[in-house]
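1. Could you look at this predicted model? Sequence included:
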Number of protein chains: 2
Amino acid sequence: MNGNGNGTGNRNGRAAGASGVNLLALRSHNGALVLDLLRTAGAAGISRLELADRTGLTPQAVSKIIARLRVDGLVTEAGYRASTGGKPRTVLRLVPDAGHAVGLHLDRDALTAVVCDLTGTVVGERRAPLHLGAGADAVVENAAREVEGLLAEEDAPLLGVGVALPGPLDHLHGVLHRVTGFPEWEGFPLRAALARRLRTPVVVDKDTNAAALRLAVALGTHGSFAYIHLGTGLGAGLVIGGAVHRGARTRAGEFGHQIIQLDGPPCSCGNRGCIEALCLAAVARGDVDEAARVLGAGAANLVGLLDIELVLLGGRTVEERPDVFIRGVGAMLDEWARLQGEEPYVPVRVASGGSLGVAEGAAQLLLAPLFGRADG
Amino acid sequence: MNGNGNGTGNRNGRAAGASGVNLLALRSHNGALVLDLLRTAGAAGISRLELADRTGLTPQAVSKIIARLRVDGLVTEAGYRASTGGKPRTVLRLVPDAGHAVGLHLDRDALTAVVCDLTGTVVGERRAPLHLGAGADAVVENAAREVEGLLAEEDAPLLGVGVALPGPLDHLHGVLHRVTGFPEWEGFPLRAALARRLRTPVVVDKDTNAAALRLAVALGTHGSFAYIHLGTGLGAGLVIGGAVHRGARTRAGEFGHQIIQLDGPPCSCGNRGCIEALCLAAVARGDVDEAARVLGAGAANLVGLLDIELVLLGGRTVEERPDVFIRGVGAMLDEWARLQGEEPYVPVRVASGGSLGVAEGAAQLLLAPLFGRADG
DNA sequence: TCCACTTAAGCAACGCTGTTGCCAAAGTGC
DNA sequence: GCACTTTGGCAACAGCGTTGCTTAAGTGGA
């Protein structure tokens, strides 16, 4: 589908720092920008002049870009706005079926797979049990079959498969580092294995990053927020400037082993006073208020360090008592801000998404680059 | 000096998200990129072909860009490399005197002003006592006189004045929030006042951000690191992807009031268990090892959250016992990484710079944008 | 000394970008 | 029906990086 000529147009990837921009890259950037605004507009659509206003480009430039995107089949005209005294604006919309992407969520014991269209809407879904102990080859084969089954009824062009799973990994190379309790997974090249098996591009990332990416896309934000996940473990996905911040080694967002009580109770990692240990211990003994307070302290540390604008909470434990966590974390953030002499300003909300959230985010690993939301 | 036509070329600033790129912006970007490589190369210089290799642009494109920069007087030819069997490469260098910038460091009781050339080299320096209690107008007048005195001998074009000072402020508008103990400074529009008085562009930022910016420029890095400053207070400047991360409200880097001991000893801010309180208390009782350990725990939290690649320490307290802090913080980082099952990988070093570091960083607030290192 | 070869960098033509100026299309409202 | 407003395409254009070729300036062997 992509006659857009994506790619930087650079002949090499050896440049360590920022790289030069040529006309191909410029076209790609502006095209992606327009697509992102079209996606954000959703079913309501957006007109050429609004796009010109939002991008800062001239109306004529937008017209040309739209013409290209229409030829590529990515955009279509869909009716007209009400006139404001002159010719009514033409409404433009993304063509959802111009491309699909698969999102795969590999959790401890379950596999969730979704197909999303270009707007990010789920158009197909499958679930299956997962046995990590069965070995890498078996799991890859299992996952590949699920994907194939999901795609059997689809005929839109496939952009690729995004995979989200817990634990440390190298998202650039798609190699796993550790899967707790299953040493054979150490160093397994999941991306390459699945790409070879399915003959399609594959991207691998942490589950929290996928969830955060999905939220960034859904919110349409170019700002910064943190998604904090409290389930069987405690982790976070960071979005800075609208892009997921992974760090050089995909290790960013290690929120759970933040030390919040020096020389505190021991954590499973061997350290003392990790926020995960404190928080989960409070949950275990039924003291949800205390868990929320501890979580709030960690969130305050995070907000203070990064000056993010929003905190989103998710995960099984949060979903059981959302109001308690919203109140508890919010109170800590407000109190912290007040003590620093600032107005309380960071809203705390429960992340939408439900059980498909991570899988949708995995699909966004392939969709988002089309809209200029590449890796951070 | 700037015939380069900087500016995005957009007619409006209303675009909330990412904005479109036109040919002016493209030229500006590539020109800045080339200038940055020239600056990084320093006195050794760099050839056209090397620039082409680093930027990913074609040699001919680089030739054209260099031709423009030479017309603007920013770049000059300076000798030749040794031949490798053919025509020797022409060495290109930045023209230091194509533009100067003033950096102003307003500390609790002292003012430091420097003039830097385009390469960031200090070519003039002044110090004076500072009395914040004398009132805003008097302080502005005092600072302006120092700047004028500093510039009396200079004749290179002035890019503007950068001001670095502690405490919360709004760097976008150059407005101060609080200056401890001097309520009259609350809300003072320092940027506007100084710009009107000196009739030159003024940029205002936190001292830790200025110090971090200077380090980012000096290191020539496009990666991520944290500068942690331990002096009369404890704060940090964050560099992510080569740019200073300030957050939406210039509040990022609030490291000192990170809660590291829940319900710990009270801090001056009114909270409990802030890392600043613990660290300074340890310093006060002479237990530098403990101070370094506490600082290391906070640094580990930071590294874990952001996956940064380097930690730089600075400030009076660190400079008194640099080895203790390097060892103590490094040990905590290594131990933390080991417990997470990772190789120790984050080096800890003492930030170079000395007493002029912050003022130099303030000057970089104006120089850095020329090299594409705009606000993060 | 000559000459083949290598490497660097400029010239000219080109394709493509967004921009500008103009005009047709398609509405509203008196 | 006419004046006006607004949208959006057409055509010409300036300027970007690219391509193909030429010139400049070295090395090294015969």
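-> It's in.

2. what residues are up against the one residue sitting closest to the centre of chain A?
-> The structure's chain A has its C-alpha centroid closest to residue A:213; by Cα atoms, centre = their mean the separation is 1.6 Å. Residues in contact with residue A:213, defined by Cβ atoms under 8 Å, 6 or more residues apart in numbering or on different chains, are A:205, A:237, A:239, A:244, A:361, A:364-365, A:368, A:373. No exception for glycine: its C-beta is placed from N, CA and C like everyone else's.

3. Report the residue ranges of every domain in chain A.
-> Per automatic domain parsing, the domain ranges recorded for chain A read A:23-94, A:99-211, A:220-356.

4. what would these look like in TSV with mean neighbour count, distance to chain B and mean pLDDT?
-> TSV is the format used below for those (neighbours: other Cβ atoms under 10 Å in any protein chain shown; distance: least, Cβ to the nearest Cβ, whole Å; pLDDT from 0 to 100):
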stretch	mean neighbour count	distance to chain B	mean pLDDT
domain A:23-94	17	3	89
domain A:99-211	19	6	91
domain A:220-356	21	2	93
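
5. Quick one: closest of the ones you listed to residue B:136.
-> domain A:220-356 (18.9 Å; Cβ to Cβ).

6. Please compute how far that closest one lies from its chain's middle.
-> 17 Å (Cα atoms, centre = their mean, to the nearest Å).

7. cool, stretch A:45-55 as well?
-> Centroid displacement of stretch A:45-55 relative to its chain, using Cα atoms, centre = their mean, is 25 Å.

8. so what's residue A:259 up against?
-> Here residue A:259 is in contact with A:271-275, B:260, B:297, B:300-301, B:336 (criterion: Cβ under 8 Å, 6+ apart).

9. quick one: the strands in the stretch 51-200 of chain A?
-> In the stretch 51-200 of chain A, the strands defined using DSSP state E, counting those that start in this stretch lie at A:75-80, A:90-94, A:100-106, A:110-116, A:122-129, A:158-165, A:169-170, A:175-176.

10. What helices and strands are in contact with the fourth one?
-> Yep, that's strand A:110-116 we're talking about. Applying 3 or more Cβ pairs under 8 Å, 6 or more residues apart in numbering or on different chains; DSSP states H and E, one finds that strand A:110-116 contacts strand A:100-106, strand A:122-129, helix A:136-151, helix A:357-367.

11. in its sheet, what does that strand sit against?
-> Partner strands and pairing direction for strand A:110-116 (DSSP bridges) are strand A:100-106 (antiparallel), strand A:122-129 (antiparallel).

12. and the angle from the last one to helix A:357-367?
-> Taking axes from the mean of the first three to the mean of the last three Cα atoms, to 10 degrees, one finds strand A:122-129 and helix A:357-367 inclined to each other by 130 degrees.

13. Show me what strand A:122-129 is in contact with.
-> By Cβ under 8 Å, 6+ apart, strand A:122-129 touches A:100, A:109-117, A:142, A:146, A:149-151, A:153-154, A:356, A:360.

14. So what's the gap between it and the chain middle?
-> Using Cα atoms, centre = their mean, the offset of strand A:122-129 from its chain centre is 18 Å.

15. where exactly do the helices run in the stretch 151-300 of chain A?
-> Assigned by DSSP state H, counting those that start in this stretch, the helices in the stretch 151-300 of chain A fall at A:190-198, A:207-219, A:275-284, A:288-306.

16. could you say what helices and strands the shortest one packs with?
-> Pointing back at helix A:190-198 there. Packed next to helix A:190-198, using 3+ Cβ pairs under 8 Å, 6+ apart, are helix A:136-151, strand A:158-165, strand A:175-176, strand A:202-206.

17. How about residues contacting it?
-> For helix A:190-198, with Cβ under 8 Å, 6+ apart as the criterion, the contacting residues are A:136-137, A:140-141, A:143-144, A:147-148, A:161, A:163, A:165, A:169, A:173-176, A:201-204.

18. again with stretch A:236-243
-> Residues from elsewhere that reach stretch A:236-243 (Cβ under 8 Å, 6+ apart): A:206, A:208-213, A:215-216, A:221-229, A:244-245, A:252-255, A:302, A:306, A:308, A:373-376, B:17-18, B:240, B:245, B:305-306, B:376.
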